[in-house]
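Asks: Generate coordinates for the sequence data below:
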Amino acid sequence: MSRDPQVDLVLVHMTPRYVATGVDPNDLQRLAQRIERWDDWCRVWSEEGARHAELAVEAAKGGRQVTAAEANLRASIYFHYAKHLFAHDPDQYLAAHRRMLACYQAGAAGADPPVERISIPFESTAMVGNLRRPTRAARPPIAILLPGLDACKEELHAWSDAFVRRGLATLALDGPGQGETAFELPITAQWGKVIGAVIDVLERRTDVDGRNVAVVGQSLGALYAPLAAAFEPRIKACVSNCGPFDFGPVLPTMPHASQETFRVRSHARTLAEAHEIARGLTLQGVAQRIECPLLVVFGAGDKLIPAAEGERLARAASGPTEFVVFEEGNHVCFNISYKFRPLTADWTAEQLRAKPKSP
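Replies: Just a heads-up that it's a prediction; the model follows:
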């Protein structure tokens, strides 16, 4: 029996992302061999996640807390990828989502530096973020990290590492339509208000410098970040990594699983309604309001979002702007994470004048 083409399509697009964010390449090879039908995707990934969660339990019983934390964080990313494009099956999605959160929280305290889960009041509910602070930094500047359409704050752990090592605190955020907040709040274009609410919380803290904040986004989050910078003047710098300038024309060209994920996370009843919501996600007539320093990063080989979208943003913004295109880069440049992560973290640290962590 030939394999479901949906499985091959996702693996072709996503394999560099899986490896860059913590999936062991050998595990991935075995997973790819086991999954024949798209309906098996979540189950097989969840079984692999459970195997790593059990390794964490065994390590903890032996008093090996570092090993336990590493295994739990690894299990978390496997459960995340079990459900990240599986919105059509709410029961399996929710089960994998809950295991992802549980494993991440189990590993969070043993991470270096540790992770603090914080709540940000917004509208009638709250958003959730994972805060990390570099050790021995009294009040570091902070980068707010925004995931993309099918990502979540837990996926950004490896990217957070790059910022923390350069003296920045990070807040990986599940905003409206993202991660666990998506169950309560749909996708929105009001990212100035979203990040404004986050900064309000950060400014009240004494362990980070809430008046020295950058916003950093990838994929659809790389549209949200400049939307925030256009309307929230307290943002000191902005990074947009492979984001659309005008999402309305882009969404219909994306794989069906991505379109269905957008439908679910926008709380739309139909794809037609989702496409209408997508047309409201645009920087047209807005980007010129961006006056803070802006870094736009793209991969020329991006098959999901054309690099021309980044060029439109770089040309339209009013403040100092850098536009970097990696010729070999794919979507989010996951296939060259050793280039995009240092670039985005170094640039942000320079804008916020962070002090790098001592070796």
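
Asks: secondary structure element for residue 233?
Replies: Using DSSP states H and E, residue 233 maps to neither a helix nor a strand.

Asks: Please report the distance of it from residue 281.
Replies: Note on residue 233: its distance to residue 281, by Cβ to Cβ, to the nearest Å, is 21 Å. Just so you know, the C-beta spots here come from the backbone N, C-alpha and C atoms, and that holds for glycine as well.

Asks: Repeat that for residue 268.
Replies: Using Cβ to Cβ, one gets 13 Å for the distance from residue 268 to residue 281.

Asks: again with residue 41
Replies: 27 Å.

Asks: Leaving out sequence neighbours, find the closest residue to residue 115.
Replies: Excluding its sequence neighbours, the residue lying closest to residue 115 (Cβ to Cβ, 6 or more residues apart in numbering) is residue 108, at 3.7 Å.

Asks: just the strands in this structure please.
Replies: Using DSSP state E, the strands of the chain run over 116-122, 125-132, 142-146, 169-174, 213-218, 235-241, 294-299, 321-326.

Asks: Format those strands as TSV; extra columns: mean neighbour count.
Replies: Below are those laid out as TSV (neighbours: other Cβ atoms under 10 Å):
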stretch	mean neighbour count
strand 116-122	15
strand 125-132	21
strand 142-146	28
strand 169-174	28
strand 213-218	28
strand 235-241	27
strand 294-299	26
strand 321-326	17
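
Asks: can you redo these as a markdown table with distance to residue 12?
Replies: As requested, the strands of the chain are arranged in a markdown table below (distance: least, Cβ to Cβ, whole Å):
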| stretch | distance to residue 12 |
| --- | --- |
| strand 116-122 | 34 |
| strand 125-132 | 30 |
| strand 142-146 | 25 |
| strand 169-174 | 27 |
| strand 213-218 | 19 |
| strand 235-241 | 21 |
| strand 294-299 | 15 |
| strand 321-326 | 19 |
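
Asks: any weak-confidence spans in the stretch 251-359 of the chain?
Replies: Scanning the stretch 251-359 of the chain with the threshold set as pLDDT under 70 gives 357-359.

Asks: how does it look with 80?
Replies: 354-359 (pLDDT under 80).

Asks: Contacts only, for the spatially closest residue to residue 117 that is not a sequence neighbour.
Replies: Nearest residue to residue 117 in three dimensions, chain neighbours excluded: residue 130, at 6.2 Å (Cβ to Cβ, 6+ apart). Listed by Cβ atoms under 8 Å, 6 or more residues apart in numbering, the contact set of residue 130 reads 104, 108, 115-118, 153-154, 156-157, 160, 171-172.

Asks: Swap in 6 Å and give it another go.
Replies: The neighbours of residue 130, taking Cβ atoms under 6 Å, 6 or more residues apart in numbering as the test, are 115, 153, 172.

Asks: what do you get for residue 216?
Replies: Counting by Cβ under 6 Å, 6+ apart, residue 216 has contacts 143, 145, 239.

Asks: go with 7 Å
Replies: Listed by Cβ atoms under 7 Å, 6 or more residues apart in numbering, the contact set of residue 216 reads 143-146, 225, 239, 344, 348.

Asks: Equivalent analysis for residue 275, please.
Replies: 251-252.

Asks: how about a cut-off of 10 Å?
Replies: When contacts are counted by Cβ atoms under 10 Å, 6 or more residues apart in numbering, residue 275 is found next to 247-249, 251-252, 259, 262-263, 266, 268.

Asks: how far away is it from residue 131?
Replies: Shown here: residue 275 relative to residue 131, a distance of 35 Å by Cβ to Cβ.

Asks: again, but for residue 331
Replies: 27 Å.

Asks: now swap in residue 279 and tell me
Replies: In terms of Cβ to Cβ, residue 279 sits 34 Å off from residue 131.

Asks: Could you do residue 147 as well?
Replies: In terms of Cβ to Cβ, residue 147 sits 15 Å off from residue 131.

Asks: any idea how far residue 24 lies from residue 31?
Replies: Residue 24 sits 10 Å away from residue 31, going by Cβ to Cβ.

Asks: Overlap in contacts, those two.
Replies: Common neighbours of residue 24 and residue 31 (Cβ under 10 Å, 6+ apart) are 18, 48, 78.

Asks: Output those residues in TSV, with pLDDT appended to each entry.
Replies: Converted to TSV, the shared contacts of residue 24 and residue 31 look like this (pLDDT from 0 to 100):
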residue	pLDDT
18	98
48	98
78	98
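
Asks: Skip the chain neighbours and tell me the closest residue to residue 137.
Replies: residue 167 (6.2 Å).

Asks: Would you confirm that that neighbour contacts residue 209?
Replies: No - when contacts are counted by Cβ atoms under 10 Å, residue 167 is not listed as touching residue 209 (11.0 Å).

Asks: residues shared between the contacts of those two?
Replies: Residues touching both residue 167 and residue 209 (Cβ under 10 Å, 6+ apart) are 137, 140-141, 352, 354.

Asks: Roughly how far does the residue nearest to residue 14 when sequence neighbours are not counted sit from residue 71?
Replies: Nearest non-adjacent residue to residue 14, counting by Cβ to Cβ, 6+ apart: residue 81, 7.9 Å away. Per Cβ to Cβ, residue 81 is found 16 Å from residue 71.

Asks: between the two, which one's more packed in?
Replies: Neighbours per residue, other Cβ atoms under 10 Å: of residue 81 and residue 71, the larger number sits with residue 81, 29 against 25.

Asks: Fine by me, thanks again.
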